[in-house]
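*Asks:* Here you go, sequence then predicted model.
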Amino acid sequence: MQSCLLCPVYACLLQSHSSWQNPTPAAMRPMMVAGDLPADFAVCASFWYAGFMAVIQALVSVVADQGDSLQSMTVGPTKLVFLLRGQLYLVAVSSRGEPPAALRRQLELLYQSILMVLTGGVERLLQRSPGYDVHNLLAGSKPGMMALVSWFGDCPGWMMGTVEPAAATAADTQAAQAALQIAIKATDALYGVVLVGRRVLLAEAGRGAAALNVYDLQLLSNFANSNYALRHSESFAPLCLPNFQPNAFVHAYITCIEPWQQQQTQLLPQSEPLQTEQVQPPPQQQQQQHQANGHPSSSTSSIFVLLISRTAEGFHKMAAACKTFTNTLTVSGGAGVLGRVAAAAASPSRGRLKVESLPAPLGGSVGSTPFWHAIIRFPQRHQHITLQYPPQLFATRSQQKQLVRQYCRLFCAAHAQLLEQPPLAGSSSTGIGPNTMLAGLSSQGDGSGSSTGSSSTSSSIASIVGSSSTAAAAAAAAASYVLPSNGQSRPHKVVWVTHQRWVTGVLVDRDIEVYATFDPLTEKEEGLKLVDMLRRLFADKSKHQELLVPGL
C-alpha cells in the first residue's frame, strides 16, 4: 500500500472549517482524486483513503488550532503540499522530485478547473452549508481533471505560465487570424480561440476585452481536449474563466474539426454543402486513434474552434460564423490552411523544430553536437517553443516527462526568490492564484537585479535541484554569469545542473529564457556558449511572426 503514496496523487479534499474538530463522514470524504495511480489502487483504495484522510485531517486541525495554515511537508523522498482555498483543502503527494512551488501551482490549476465548472459560488455554498456534498456538482468532471494532471508531465507551460504555439507559416496564421476576427465581429464574441490539439493557433479578443489570460486558455484547452463528446457535435456550454470573472459563467461555443474531416472537405466542390456525418469513421476506431496518442480523448492534430460569449443567446449565429470560418480556411480563399496546420501537427515531429535544422555548431545529428534539446520561453508573450525530442534519446513518453520535470525544476531554481515570496493578503480567496506569479515573472526584468549571488539564493536553489555536490555547484553558479555580447558584457541569470544522465541549464534574459539539455560530458563553458547562441537565434524578432501566436 505504500506504492500508492510513492506515485503522484492529487486529492482535492472537501474540508469544512467548522467540521475539523468533529469531522463528519461527508467532511472526511475526498471530493476527487486524480493522478498516475498503480493498477491495484482500486483494491487498496478504501483502506488507503481511511489512513490518508485521517492523517490529513489531524495535520490540518492541529495547525489550524494554532492560527496557521499548513503549506508543505517532506517525508523521506515524498513531498506533501497543501493548498487552502476557502472551504476546500487540496493536497498533492509526490515522490518524483518536483519542488513544492511546482506542486502548489498544479493544485492551483486543479482548483481553477473546479471553478471552471462551479464558479466561485461553490465557496459561498460551503460557507452556508459546511456539510454539503459537492460530488454531485462535479459529476463528469473527473476525466477532465485526470487529463489535466497527465498534461502536467507533458508540457511545462503550467509552471512557466505559457502556451505552445501550433506550427503554421506566417501566411497561414494571418489568413486564419483574419477569418477568426470576422467571426468574432459577426457574433460579438468575447474571445475566439483556435486550438490544434493542446497547442494554440490563435487566441483573439473581441472589442473592448483584454487579452485572454494564459491560465484560462490552458483550462479551455484541457476542457476541449479531454471531452470526447465534443468531437461528435457542436457544443454550447456554460464555463467559468477563473482569471476573467471567477463568480460568473460565460458561454463557449465549441466545435471540432478532425483531420479526416479536413481531407474530405477539401475534396468537395465549393458549392456542395459539408456532409461530415457521411464520412465519419466509426467512433470505436476514432477512440483507438486517440488512445494511441497517449491521451484517451485527445488527438494532436484535432482542431477546435471556440467562440466565447457573455450571454446564453447566439448559438445559431456562432454556429454559422464558425462554419464560414471553416469553409474559408479549407476549400475557398484559405486554400487548405487548416489541413496544412493539422498535417504538420500529425507529422512525426509534430511540426516542431528539429535540432538537425539549427545552424552549426548547434545543429547536427545525435553525437555530432552536444546539444540535445531545448525549450525557449518568451515571458512577455506568455508562450514557449519546444524543440522536437530526438527519438534516439527520448523515444518514450516517460522519458519525455522526466525531461519536462527537470525543466520545471530549473524554472523554480531560476525564479526561486519570486516563488519564495510570502502569499499576498487574502490569497486564499477566489481569483488569486497562478496569475499573481505570472504578473511577477513577466515584469522582473533581465535578471541583473538578482545577480549578486547571495547565500539565500544559493541555498534556495540547492534545495530545489537537490542536496548533492553538483546541486551545490549549480547553486553557486546560479547567481550570475556574464556572457560577451558584441564586445559588451550583459548580465544574465544562469542555473547549470550536471547529472549522470544529462546536463541541463537555463539562461534568463528580459525577453527570453532558454532551457537546454546537453550530453552529460558537456563542459559548462561550452554549454553556456551554445545556450547564448540559442538565445540570440530566437531573440530575433523577425522570426517571432513565424513562431509565435499573435495577440497574446
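*Replies:* Structure's in. What do you need?

*Asks:* Can you tell me how far the nearest residue to residue 522 once chain neighbours are set aside is from residue 400?
*Replies:* Among residues not flanking residue 522 along the chain, residue 370 sits closest, at 4.3 Å (C-beta to C-beta, 6 or more residues apart in numbering). All C-beta spots, glycine's among them, are computed from the backbone N, C-alpha and C. Note on residue 370: its distance to residue 400, by C-beta to C-beta, to the nearest Å, is 20 Å.

*Asks:* what does stretch 403-410 rub up against?
*Replies:* 96-99, 102, 153-156, 159, 373, 375, 389, 394, 464-465, 495, 497, 502, 504-506, 515, 517 (C-beta atoms under 8 Å, 6 or more residues apart in numbering).

*Asks:* Isn't the residue nearest to residue 522 up against residue 519?
*Replies:* Yes: using C-beta atoms under 8 Å, residue 370 makes contact with residue 519 at a distance of 4.2 Å.

*Asks:* So which of those two has more stuff around it?
*Replies:* Taking other C-beta atoms under 10 Å, residue 370 and residue 519 do not tie; residue 370 has more neighbours (19 against 16).

*Asks:* Tell me which residues touch that one, please.
*Replies:* 518, 519, 521, 522, 526, 527, 530 are the contacts of residue 370 under C-beta under 8 Å, 6+ apart.

*Asks:* Only the buried subset of the residues you listed, as a PyMOL command please.
*Replies:* To isolate the buried ones among the contacts of residue 370 in PyMOL, judged by 16 or more other C-beta atoms under 10 Å, type:
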select buried, resi 518+519+522+526+527+530
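
*Asks:* Around residue 203, how many other residues sit close by?
*Replies:* By other C-beta under 10 Å, the residues close to residue 203 number 26.

*Asks:* Wait, a helix at it?
*Replies:* No: under DSSP: H, G, I helix; E, B strand; the rest coil, residue 203 sits outside any helix and is assigned strand.

*Asks:* wait, it sits on residue 382?
*Replies:* No: applying C-beta under 8 Å as the test, residue 203 and residue 382 come out as separate, 9.7 Å apart.

*Asks:* tell me, what's touching these two both at once?
*Replies:* 163, 552.

*Asks:* Am I right that residue 256 is in contact with residue 230?
*Replies:* Yes: between residue 256 and residue 230 there is a contact at 5.6 Å, judged by C-beta under 8 Å.

*Asks:* Find residues that contact each of those two.
*Replies:* 224, 304.

*Asks:* and the two? which has more neighbours close in?
*Replies:* Neighbour totals were compared for residue 256 and residue 230, and residue 256 leads with 22 against 19 (other C-beta under 10 Å).

*Asks:* List the residues that contact the more buried one.
*Replies:* The contact partners of residue 256, taken as C-beta under 8 Å, 6+ apart, are 224, 230, 231, 302, 303, 304.

*Asks:* for it, phi and psi?
*Replies:* The phi and psi values for residue 256, taken as degrees, to the nearest 10, are phi -120, psi 140.

*Asks:* Sketch out the low-pLDDT regions of the stretch 251-400 of the chain for me.
*Replies:* By pLDDT under 70, the weakly predicted segments of the stretch 251-400 of the chain are 259-298, 331-335.

*Asks:* How many residues are close by the nearest residue to residue 338 once chain neighbours are set aside?
*Replies:* Closest residue in space to residue 338, ignoring its immediate chain neighbours: residue 329 at 4.8 Å, by C-beta to C-beta, 6+ apart. The local packing of residue 329 (other C-beta under 10 Å) involves 29 other residues.

*Asks:* need the strands for the stretch 101-250 of the chain, in chain order.
*Replies:* Taking DSSP state E, counting those that start in this stretch, the strands of the stretch 101-250 of the chain run over residues 191-196, 199-205, 235-239, 250-257.

*Asks:* for the first one, packing partners?
*Replies:* Counting contacts by 3 or more C-beta pairs under 8 Å, 6 or more residues apart in numbering; DSSP states H and E, the secondary-structure elements packed against strand 191-196 are helix 170-187, strand 199-205, helix 214-226, strand 303-309, helix 337-346.

*Asks:* gap between the nearest residue to residue 365 once chain neighbours are set aside and residue 533?
*Replies:* Spatially, and ignoring its direct neighbours in sequence, residue 365 is nearest to residue 356 (6.0 Å; C-beta to C-beta, 6+ apart). As judged by C-beta to C-beta, residue 356 and residue 533 stand 16 Å apart.

*Asks:* Please apply the same query to residue 221.
*Replies:* Computed as C-beta to C-beta, the residue 221 to residue 533 distance reads 32 Å.

*Asks:* Residue 494 too?
*Replies:* Distance from residue 494 to residue 533, counting by C-beta to C-beta: 14 Å.

*Asks:* more neighbours, those two?
*Replies:* Using other C-beta under 10 Å, the more surrounded residue of residue 494 and residue 533 is residue 494, with 25 against 17.

*Asks:* Then the more buried one would be within a strand, right?
*Replies:* Yes: applying three-state DSSP, one finds residue 494 inside a strand.

*Asks:* can you count the residues close to residue 60?
*Replies:* That count, for residue 60 with other C-beta under 10 Å as the rule, works out to 20.

*Asks:* How about residue 344?
*Replies:* 19.

*Asks:* Please apply the same query to the one 5 residues further on.
*Replies:* By other C-beta under 10 Å, 15 other residues sit near residue 349.

*Asks:* I figured it hits residue 387, correct?
*Replies:* No: Residue 349 is beyond contact range of residue 387, at 9.4 Å (criterion: C-beta under 8 Å).

*Asks:* What helices and strands are in contact with whatever helix or strand residue 504 lives in?
*Replies:* In the assignment (DSSP states H and E), residue 504 maps to strand 503-508. The contact analysis (3+ C-beta pairs under 8 Å, 6+ apart) places strand 503-508 against helix 397-414, strand 488-498, strand 513-518, helix 524-539.

*Asks:* Could I get the buried residue list for the host helix or strand of residue 323?
*Replies:* Per DSSP H and E: residue 323 is located in helix 315-328. Using 16+ other C-beta under 10 Å as the test for burial, helix 315-328 gives 315, 317, 318, 319, 321, 322, 323, 325, 326, 327, 328.

*Asks:* Chain neighbours aside, what residue packs nearest to the last one?
*Replies:* Just to be clear, that refers to residue 328. residue 179 (4.6 Å).

*Asks:* try the first one
*Replies:* Once flanking residues are discounted, residue 315 sits nearest to residue 236: 4.7 Å by C-beta to C-beta, 6+ apart.
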